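[1] Model the following, please.
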Amino acid sequence: MAFHKMSLILSSHHIRSSKQRTPCRGCSKQLHNWLAPCSTRATKPRGEQACSTWRQVHVESLLLLETNIDDSSPQVLAYTMEELLLAGGLDVWSAPVYMKKGRPGTTLRILCKACDAENLVHLLFKETSSIGVRLQNCERVSLRRHIETVQTRWGSSVRIKVAKIGEATVNAHAEYEDCAEVARSEGVPLADVFREATAAYYFNNPEIV
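    Numbers count the residues shown, from 1 in each chain. This is a model prediction of the structure:
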């Protein structure tokens, strides 16, 4: 019965977020208010540049789940964070806090899609000592990204995550798991693999400054 009510609450969050206007070609209503309409900019060229950039990034409505925990072990929290990611959490992180009565605790936060929130809340209640979870609608702005693969001098391939604004590459970073595997198998420092993979990507794409 409790989780049926939770489903209704999460559904209402999803409905509210889906009804948000997109007055600036993909900008959410909230983000649009933060930026202010282009026509109200003090300097027109700057406003045009802001809107042009905004149309080239990914804006999405998500939910932020948050709970404070003061009586779960570090091992339980670490395991729960891994399980939250596997269960659909887009990002999971924790921060130390002082709670009421001066007790040290941990704030656990999960960024997720509305359709995954119920399962994630259930997981929090099942795995931790939390007895309450806060839900907030939020907007996430992210660069569009894709994966490319490069060959290193050790003969192993490494994936590179490439982020772009429009057609311009603004970030390229080697994936940790691939670099760690190469470092372990070849007996070389992890930092050397990162440098090698990144250098190989830019060598293969000389047009990127």
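[2] what bits of the chain have low per-residue confidence?
    1-54, 209 (pLDDT under 70).
[3] go with 80
    Across the chain, the ranges flagged by pLDDT under 80 are 1-56, 208-209.
[4] And the helices in it?
    2-18, 29-35, 44-54, 74-86, 114-127, 176-186, 190-204 (DSSP state H).
[5] Residues contacting stretch 106-113, please?
    The set of residues external to stretch 106-113 that reach it, using CB atoms under 8 Å, 6 or more residues apart in numbering, is 62-70, 72, 77, 80-81, 84, 88-97, 120, 124, 128, 130, 138, 140. In this view, the C-beta of every residue, glycine as well, is placed from N, C-alpha and C.
[6] Any of those buried? List them.
    Among these, those classed as buried by 16 or more other CB atoms under 10 Å are 62-65, 67, 69, 72, 77, 80-81, 84, 89-90, 92, 120, 124, 128, 130.
[7] Name whatever forms a beta bridge with the residue positioned nearest the centre of the chain.
    Among the residues of the chain, the one closest to the centroid is Asp91, at 4.7 Å (CA atoms, centre = their mean). Beta-bridge partners for Asp91, by DSSP bridges, are Leu111.
[8] Next: the one 4 residues further on.
    Applying DSSP bridges to Ala95 yields these beta-bridge partners: Thr107.
[9] check contacts around it.
    Going by CB under 8 Å, 6+ apart, the list of residues near Ala95 reads 106-107, 109.
[10] which of these count as buried?
    Buried among the contacts of Ala95 (16+ other CB under 10 Å): 106, 109.
[11] Who are the contact partners of the closest residue to Arg103 other than its chain neighbours?
    Setting aside the residues directly before and after it, Arg103 is nearest to Asp70 in space (CB to CB, 6 or more residues apart in numbering), at 5.0 Å. By CB under 8 Å, 6+ apart, the residues touching Asp70 are 99, 103-106.
[12] Same question for stretch 141-151: list its buried residues.
    Val150.
[13] Please work out which residues outside that stretch touch it.
    By CB under 8 Å, 6+ apart, stretch 141-151 touches 31, 56-60, 157-165, 170-171, 175, 197, 200-201, 204.
[14] run the last query once more with 6 Å
    The contact list for stretch 141-151, computed with CB atoms under 6 Å, 6 or more residues apart in numbering, reads 57-59, 157-164, 197, 200-201.
[15] and these as a markdown table, adding neighbour count and distance to Glu186?
    What follows is those, written out as a markdown table (neighbours: other CB atoms under 10 Å; distance: CB to CB, whole Å):
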| residue | neighbour count | distance to Glu186 |
| --- | --- | --- |
| Val57 | 16 | 37 |
| His58 | 11 | 36 |
| Val59 | 19 | 41 |
| Ser157 | 14 | 13 |
| Val158 | 24 | 12 |
| Arg159 | 17 | 17 |
| Ile160 | 22 | 18 |
| Lys161 | 13 | 22 |
| Val162 | 19 | 24 |
| Ala163 | 16 | 28 |
| Lys164 | 16 | 31 |
| Ala197 | 25 | 13 |
| Ala200 | 19 | 15 |
| Tyr201 | 20 | 19 |
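[16] Which ones among these map onto strands?
    In strands, judged by DSSP state E, the following of the contacts of stretch 141-151 are found: 58-59, 157-164.
[17] Among the residues you listed, which pair sits farthest apart?
    Val59 and Ser157 (32.7 Å; CB to CB).
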